[in-house]
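Chemist: Got a predicted structure plus its sequence, pasted below:
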Amino acid sequence: TDATAVPGGGPSESTLVADPDSLSIHSEAFDINGAGMIVGQSWTEGYPVATIWSAAGVTTTLPGLGHGRHDWPNSIDERGRVVGWSLDSAQVFRAVMWTSPSAPPVRLPDFGSTSYAHGINRSGMIVGAAVTPDYRLHAVVWTPDRVLHDIDPGGQESRALAVNDSGKVVGTTWREGKRRAFLWTQATGMQLLPVGGDSSSALAINTRGEVVGSFTERSKPRAFLWSPRTGLSDLGTTGLPGYGHMRIARDINDAGLVVGEFGWYSNAGAAAWTVRSGPRPLEAPNIASAMAVNRHGVAVGNRRGSDNYTYAARWRVTEVNTRPSLAFPAPSITVFEGDTVTLNLTATDAEQDALSYNWNFGDGASLNVPATTAAPAMRRPWSDDGSYTVRVIAIDPSAVRDTATLAVTVLNRPPTANFVSPAYGYEGKTYVLSLSALKDGPADVRAGIQVSFDCGAGYGAWALATRVTCPAVADDDTLQIGVRLRDNDGAMTESRRTFIIYDAQPVVAASAVTSTSVATGILFTARGQFSDPGKQDAPWLVRYFWGDGTYTSTTVNAQGWLPAMSHEYRAPGTYSVTVYVTDKDGRNGKSAPITVTVGS
């Protein structure tokens, strides 16, 4: 039949595709090998008959030990050898092997009573169960030369149900009144698997040592997968929408494809599971079960047909991996250089795979993000203006990928800084202008921001210095000072402010030319000198205050020594002589006093 999408597949309804194929009426299929040969049972006159179907669907009946009835072929290997059990003439089930479809069954050694063969590997090692002389059913192994070994001599009851090509055996055993899944190797003996629950059974094992089976919890069966690398996975925790949980995992191939059953009673159906897709029904519920799967993904089991009869069934199971979908919210964005921007990304995957991401930001930078189920948001700046293409590749576990691109236009950011200058200055004094907190795009900063200062007489040459000492001003004044910044791309900013140059105080000194002790009627002579930061403050008014309420004044046009001046005191006493110099702007400077003693 044509392949059809499986309904109810959750996020991707085509994750697992199966084409059911009914083989023959009143029949069941139990196992399939890599060549597509299927073993099972057909019911003839009310009796189960061992049957082989070729890959083309041709049916062959296997001969039995007794009357060819009540035969159960349970497993087939890659060479076409079949193992199971057959009812002998004494009406006892015996473990047997059919070496070919036409050969009579070969009875396997047992303990003299009932025995069953459940599995066979490439080397011819067979596993099963046999009733011991003390009437206990024990898990057993037959070596390729058909030597019988009891692998659970201390157990209450056990069955070996499957064996892989390296000789690892799984099955179920009773321990402390509970049925428990086990793993047996020749080196370690029988060990219980950490499955838990009220009871458990291990039903199959692949060459990687992965084990599947079922366990019950509060009387409800659930499928499990145990891996020696990752431990236990409960396959019954995730439901198949509208169908129920996976309750039994009956087989697993080397690719990790698990087959079994889902649902309950009349709602039961064949199911498959992969680590990518999770559980999926192989078809709508029809009381079907998938019993085995080969390395090519062909599963076999049984299904109920539209005529309400049971048919041996075959499903060709294909896992379809959907390409992840990746997109940015908008095709382009515009930002300024140096600004950190959040790049949001929308990523979807039909199988809900964890995706890994490769980011390329178009400026030489890239980043690999490990697999995650959430699309990562990226925060980053671009250091220089220009046009960039961000490219992101999302990759699923099967290396299927999708790509999304984003056009990023990065605008040049004009440089900025804090303009630092004193609040005011004085004539004749230098002053410093500087910058702090210089900001621009990182690439422009690395290239160097050009700076030009204006100390009040116009802008100077462009340079990289962020500090300048301005020359002294000869007279008090009000200036307009400023700074300009220019980046590598020619963007420019300017800051200006008013700067006041205040009038400076003259500095005056005075000294006695004659003795500071004089008599009345005798002249006392003093002489002063001064300097003034204001080089343009002439004329200066000079006054000699004699301390007796009188003064002598003059004007000068140059700094330095002042004319000597004399004064005659009329009364004895002690007097303080001070020289004052006043500039043209009215700013006074005075000397330290000279003490003069006048006698009679």
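Modeler: Received the coordinates, thanks.

Chemist: lowest-pLDDT helix or strand in the protein?
Modeler: strand 4-5 (a mean of 29; mean pLDDT, DSSP states H and E).

Chemist: For Val445, I want the exact helix or strand it lies within.
Modeler: Element membership for Val445 (DSSP states H and E) is helix 442-447.

Chemist: Now do Ser332 against Asn358, distance only.
Modeler: Ser332 sits 21 Å away from Asn358, going by CB to CB, to the nearest Å. C-beta here means a position set from N, CA and C on the backbone, and glycine is covered the same way.

Chemist: go on, Ala313?
Modeler: Noted for Ala313: a distance of 44 Å to Asn358, by CB to CB.

Chemist: Which one's more surrounded, the two?
Modeler: Counted by other CB atoms under 10 Å, Ala313 and Asn358 do not tie: Ala313 has more neighbours, with 29 against 15.

Chemist: can you map out the helices along the stretch 51-200 of the chain?
Modeler: In the stretch 51-200 of the chain, no helices are defined using DSSP state H, counting those that start in this stretch.

Chemist: Where does pLDDT dip in it?
Modeler: Low-confidence segments of the stretch 51-200 of the chain (pLDDT under 70): 67-68.

Chemist: Just the strands from it, written as ranges.
Modeler: With strands called from DSSP state E, counting those that start in this stretch, the stretch 51-200 of the chain shows them at 59-61, 71-76, 82-87, 93-98, 106-107, 115-120, 126-131, 137-142, 148-150, 158-163, 169-175, 178-185, 189-192, 199-205.

Chemist: In TSV, list those along with mean neighbour count and distance to Ala377.
Modeler: Output for the strands of the stretch 51-200 of the chain, formatted as TSV (neighbours: other CB atoms under 10 Å; distance: least, CB to CB, whole Å):
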stretch	mean neighbour count	distance to Ala377
strand 59-61	14	60
strand 71-76	26	53
strand 82-87	26	58
strand 93-98	24	62
strand 106-107	15	67
strand 115-120	26	51
strand 126-131	26	54
strand 137-142	24	55
strand 148-150	15	60
strand 158-163	26	47
strand 169-175	23	46
strand 178-185	21	44
strand 189-192	14	46
strand 199-205	25	43
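
Chemist: Could you save these as CSV and add columns showing distance to Asp444?
Modeler: Formatted as CSV, the strands of the stretch 51-200 of the chain follow (distance: least, CB to CB, whole Å):
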stretch, distance to Asp444
strand 59-61, 83
strand 71-76, 75
strand 82-87, 80
strand 93-98, 83
strand 106-107, 88
strand 115-120, 74
strand 126-131, 76
strand 137-142, 78
strand 148-150, 81
strand 158-163, 70
strand 169-175, 69
strand 178-185, 67
strand 189-192, 68
strand 199-205, 66
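
Chemist: Point out where the stretch 351-500 of the chain drops to low pLDDT.
Modeler: For the stretch 351-500 of the chain, residues meeting the criterion pLDDT under 70 lie at 351.

Chemist: Show the residue spans covered by the strands in it.
Modeler: With DSSP E, counting those that start in this stretch, the ranges of strands along the stretch 351-500 of the chain come out as 355-360, 366-372, 378-380, 386-395, 401-411, 416-420, 424-426, 431-439, 450-454, 467-470, 477-486, 492-502.

Chemist: For stretch 233-253, the averaged confidence score.
Modeler: The average pLDDT for stretch 233-253 rounds to 81.

Chemist: in that stretch, what's buried?
Modeler: Going by neighbour count (16 or more other CB atoms under 10 Å), the buried part of stretch 233-253 is 233-236, 239-240, 243-253.

Chemist: Count residues in the vicinity of the closest residue to Gly244 other than its chain neighbours, would you?
Modeler: Distances taken as CB to CB, 6 or more residues apart in numbering place Gly263 nearest to Gly244, at 3.9 Å, with adjacent residues excluded. Residue neighbour count, defined by other CB under 10 Å, stands at 21 for Gly263.

Chemist: Look up how far Ala292 lies from Gly263.
Modeler: Distance, Gly263 to Ala292, using CB to CB: 19 Å.

Chemist: same check, this time on Val468
Modeler: Distance, Val468 to Ala292, using CB to CB: 89 Å.

Chemist: Who has more neighbours out of the two?
Modeler: Taking other CB under 10 Å, Val468 and Ala292 do not tie; Ala292 has more neighbours (27 against 18).

Chemist: if I pick the more buried one, what's in contact with it?
Modeler: Ala29, Phe30, Asp31, Ile32, Ala204, Arg250, Asp251, Val259, Ala299, Val300, Gly301 (CB atoms under 8 Å, 6 or more residues apart in numbering).

Chemist: coming back round to it: can you mark which positions in the helix holding Val445 are buried?
Modeler: Buried residues in helix 442-447, counted by 16+ other CB under 10 Å: Ala443, Asp444, Val445.

Chemist: And for stretch 371-391?
Modeler: Ala375, Pro376, Met378, Arg380, Trp382, Ser383, Asp384, Asp385, Gly386, Tyr388, Val390.

Chemist: Of those residues, just say which sits nearest to Ser600.
Modeler: Taking CB to CB as the measure, Ser600 lies nearest Ser383 of the buried residues of stretch 371-391, at 90.6 Å.

Chemist: wait, what's in contact with the residue nearest to that closest one when sequence neighbours are not counted?
Modeler: Of all residues beyond its chain neighbours, the one nearest Ser383 is Pro442 (3.7 Å), with distances taken as CB to CB, 6+ apart. Residues near Pro442 by CB under 8 Å, 6+ apart: Glu337, Gly338, Pro381, Ser383, Asp384.
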